[in-house]
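*Asks:* Take a look and give me a structure for this.
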Amino acid sequence: MKKTISLIIVTAIMVACSTVPITGRKRLNFVSDAEVLPTSFAQYDAFLKENTLSTDKAKTQEIKAVGARISAAVDKFMRKNGMSAEADNYRWEFNLVKDDQLNAWCMPGGKVVFYTGILPVAKNTDGIAAIMGHEVAHAFAKHGQERMSSSQIQQYGAMAIEIGTGDADAKTKEMWNMAYGVGSQLGMLKYSRTHETEADKLGLVFMIMAGYNGEEAVRVWERMSEIGGGAPPEFLSTHPSNSTRIATLKNYLPEAKKLAAKYN
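*Replies:* From the prediction side, this is the model:
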């Protein structure tokens, strides 16, 4: 049984391995658009019904306009690089929600929400584009689907531990479960930081392709850093530290400009 489960896990990983366009990172994804997008769209609609949209017409229009330009850049890239069928699955939508949280997000399939609370950090249209590019990049790289796939692999691993320690005493079982849990948790946190860094890079490319100033992405995180707050150590955080993100964006900016010119 242990060999069977191991074989299933290895086979699933080999079959589901693909490459993220532009960055070239190998990813694990065996969750199809057909499986995840209907639920994603339904959850987005439910969220909008349960939350209050901003009544600021000017800012709402700005969010929608920036989103349209950046999603058009993503669509352009996809159709020029053999991804037209995948591009057809996206249903881009951009809304501004009245909420003080410093947050924005994009669900699989291109459903985006900005919170009014993050607008002072964005500060200007280029800042909005930097945040928008980052969130759209999560959907482009299918980070949500990848996390779902990883979660399923974790479940298989937990099953293997249960079977493999079936005859062990309770103390031994607990030791293995604790080791697996901590290792798995930190692994997933690191994995999430990988996604965030990748979204920073891809978002920079897309915002520049859309005609926005990439330098502003660095300033957004400088402003975020000024806000401060008791963030946990980076190795225990799901996001890179602000200083790490600032350095990454500064270093990647020349490459992002070259890629944006190439893809345009």
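*Asks:* now the helices for this structure?
*Replies:* For the chain, applying DSSP state H gives helices covering 2-16, 33-50, 57-80, 84-87, 119-122, 125-140, 143-164, 170-209, 215-227, 242-263.
*Asks:* So for Gly24, which of these sits nearest?
*Replies:* helix 170-209 (10.3 Å; C-beta to C-beta). No exception for glycine: its C-beta is placed from N, CA and C like everyone else's.
*Asks:* what is the mean pLDDT for that closest one?
*Replies:* For helix 170-209, the mean pLDDT works out to 71.
*Asks:* Identify whichever of the helices of the chain lies nearest to Met107.
*Replies:* Met107 lies closest, by C-beta to C-beta, to one member of these: helix 33-50, at 4.6 Å.
*Asks:* any idea of the mean pLDDT in that closest one?
*Replies:* Average pLDDT, helix 33-50: 92.
*Asks:* same check, this time on stretch 119-128
*Replies:* Regarding stretch 119-128, the rounded mean pLDDT is 97.
*Asks:* can I get the CA coordinates of that stretch in CSV?
*Replies:* C-alpha atoms of stretch 119-128 as CSV (Å, rounded to 0.1, in the frame of the first residue of the first chain):
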residue,chain,number,x,y,z
LEU,A,119,-5.5,53.4,-2.3
PRO,A,120,-3.4,55.7,-0.1
VAL,A,121,-0.5,53.2,-0.5
ALA,A,122,-1.0,53.0,-4.2
LYS,A,123,-1.1,56.9,-4.2
ASN,A,124,-1.4,57.3,-7.9
THR,A,125,-2.4,55.6,-11.2
ASP,A,126,1.0,54.0,-11.6
GLY,A,127,0.8,52.7,-8.0
ILE,A,128,-2.6,51.2,-8.7
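*Asks:* quick one: buried residues of that stretch?
*Replies:* If you call a residue buried by 16 or more other C-beta atoms under 10 Å, then stretch 119-128 has these buried ones: 119, 121-122, 125-128.
*Asks:* how about stretch 62-77: buried residues?
*Replies:* By neighbour count on 16+ other C-beta under 10 Å, the buried set for stretch 62-77 is 62-64, 66-67, 69-71, 73-77.
*Asks:* Check stretch 256-264 too.
*Replies:* The neighbour-count check on stretch 256-264 (16+ other C-beta under 10 Å) flags 256, 259-260, 263 as buried.
*Asks:* What is the most widely separated pair among those residues?
*Replies:* Maximum pairwise distance among these (C-beta to C-beta): 10.5 Å, between Ala256 and Tyr263.
*Asks:* any residues in contact with both of those two?
*Replies:* Val205 (C-beta atoms under 8 Å, 6 or more residues apart in numbering).
*Asks:* Arg219 contacts Gly127, doesn't it?
*Replies:* Yes: with contact defined as C-beta atoms under 8 Å, Arg219 reaches Gly127; the gap is 7.0 Å.
*Asks:* wait, which of the buried residues of stretch 62-77 is closest to Asn51?
*Replies:* Looking across the buried residues of stretch 62-77 and measuring by C-beta to C-beta, the closest to Asn51 is Ile63, at 14.6 Å.
*Asks:* So what sits opposite the residue lying closest to that closest one once chain neighbours are set aside in the bridge?
*Replies:* The shortest distance from Ile63 to any non-neighbouring residue, by C-beta to C-beta, 6 or more residues apart in numbering, is to Leu96 (4.7 Å). When bridges are called by DSSP bridges, Leu96 pairs up with Phe114.
*Asks:* residues contacting Leu96?
*Replies:* Contacts for Leu96 (C-beta under 8 Å, 6+ apart) come out as 53-54, 56, 59-60, 63, 113-116.
*Asks:* which among these end up buried?
*Replies:* Buried, going by 16+ other C-beta under 10 Å: 54, 59-60, 63, 113-116, out of the contacts of Leu96.
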